[in-house]
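Enquirer: Sequence and predicted structure below; questions after.
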Amino acid sequence: MVLGQLGGSISRALQQMSNATIIDEKVLNDCLNEITRALLQADVQFKLVRDMQTNIKKIVNLDDLAAGHNKRRIIQQAIFNELCKMLDPGKPSFTPKKGKTSIVMFVGLQGSGKTTTCTKYAYYHQKKGWKPALVCADTFRAGAFDQLKQNATKAKIPFYGSYMESDPVKIAAEGVERFKKENCDLIIVDTSGRHKQEAALFEEMRQVSEATKPDLVIFVMDGSIGQAAFDQAQAFKKIVSVGAVIVTKMDGHAKGGGALSAVAATKSPVIFLGTGEHMDEFEVFDVKPFVSRLLG
Ligand code: GDP
């Protein structure tokens, strides 16, 4: 049972509570405060933690706790369920269908792992018999096209880009057109990033989106960005219709609590996790192990 994996400070908080002879509101509050600290350390946004606390208090009935022997179980279950619920935006993301052309646009700040993730996503589908293709619409970062070209060549995935053309919108549109003609069923458009969220980046994203008409826009975020996740995700969502999230660098120390913020800000589910620099270090997102790690 996944609950058994609840670790560290959460377990300690629950232990302290079960040692208390009387379970009153203060004991429950102390316990929730301890859990709050753990979740904040895991980069979960303060507002989300507060909402969770409020919901737990509504769900957990103090009389039940005082009477029953399963105090810890009741609270553990409530916390676990709340966090799972927060990762579920209530509707699945658009899922491309093999054999039918889909255009998937990737957005995110520079360094988030966008280019790497585009190739991972293409490679993942290629292994399952799809015919993916990569379009490099990042003319801002020097070396972006070379990086995509290198990755794509390694994975034997067709790619499109230009060293000469400086208009990302033109490249994106041309690339998509070419691969449509070649009957590729998954056309992936890698876009530019900037270090900061700035007007020029968002205008470019809007134009690329308008020119390519993506079936799905994926927001890529670095799992270690912490409390910045909400604003970042929301800023992209305002400009393009983000429909899914991929969290990268989950092989590091970060617990990835920012993912909850990205889900809340974009109302879209997390679909994959990046777990390393290599092409195959890519996992389909699974809510329960993710929440266990968050609490651990
Ligand atoms: P972009 O600027 O958003 O396109 O980011 P890149 O794809 O160039 O990635 C930035 C850096 O992060 C590179 O050094 C990648 O190898 C690295 N990176 C990307 N995804 C992961 C991941 O899941 N785990 C680790 N450890 N590194 C990653």
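Expert: It's in.
Enquirer: Which parts of the stretch 1-150 of the chain are strands?
Expert: Counting by DSSP state E, counting those that start in this stretch, the stretch 1-150 of the chain has strands at residues 102-107, 132-137.
Enquirer: among those strands, which is nearest G243?
Expert: Comparison of these against G243 by C-beta to C-beta identifies strand 102-107 as nearest, at 9.3 Å. Heads up, the C-betas are built off the backbone N, CA and C, glycines and all.
Enquirer: The residue of the stretch 151-296 of the chain found nearest the ligand bridge partners, please.
Expert: Taking C-beta to the nearest ligand atom, the ligand has its nearest neighbour within the stretch 151-296 of the chain at G274, 2.8 Å off. Beta bridges link G274 to F282 when assigned by DSSP bridges.
Enquirer: How far does stretch 198-210 sit from its chain's centre?
Expert: In this view, stretch 198-210 has its centroid 21 Å away from the chain centroid, taken as C-alpha atoms, centre = their mean, to the nearest Å.
Enquirer: Show me the shaky parts of the stretch 51-200 of the chain.
Expert: 64-72, 196-197 (pLDDT under 70).
Enquirer: thinking again about what came up before, can you report how many residues lie near the residue of the stretch 151-296 of the chain closest to the ligand?
Expert: When neighbours are counted by other C-beta atoms under 10 Å, G274 registers 25.
Enquirer: can you give me the helices in the stretch 101-250 of the chain?
Expert: Along the stretch 101-250 of the chain, the segments classed as helices by DSSP state H, counting those that start in this stretch run 114-127, 144-155, 168-181, 199-212, 229-239.
Enquirer: which parts of the chain sit against the ligand?
Expert: When proximity is defined as C-beta under 6 Å from any ligand atom, the chain approaches the ligand at 108, 110-116, 193, 248-249, 251-252, 274-277.
Enquirer: one more time with 5 Å, if that's ok
Expert: Residues of the chain found near the ligand (C-beta under 5 Å from any ligand atom) are 110-116, 248-249, 251, 274, 276-277.
Enquirer: So how do I select the buried members of the residues you listed in ChimeraX?
Expert: Only the buried entries of the residues of the chain next to the ligand go into this ChimeraX selection, using 16 or more other C-beta atoms under 10 Å:
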select :110,112,113,114,115,116,248,249,274,276
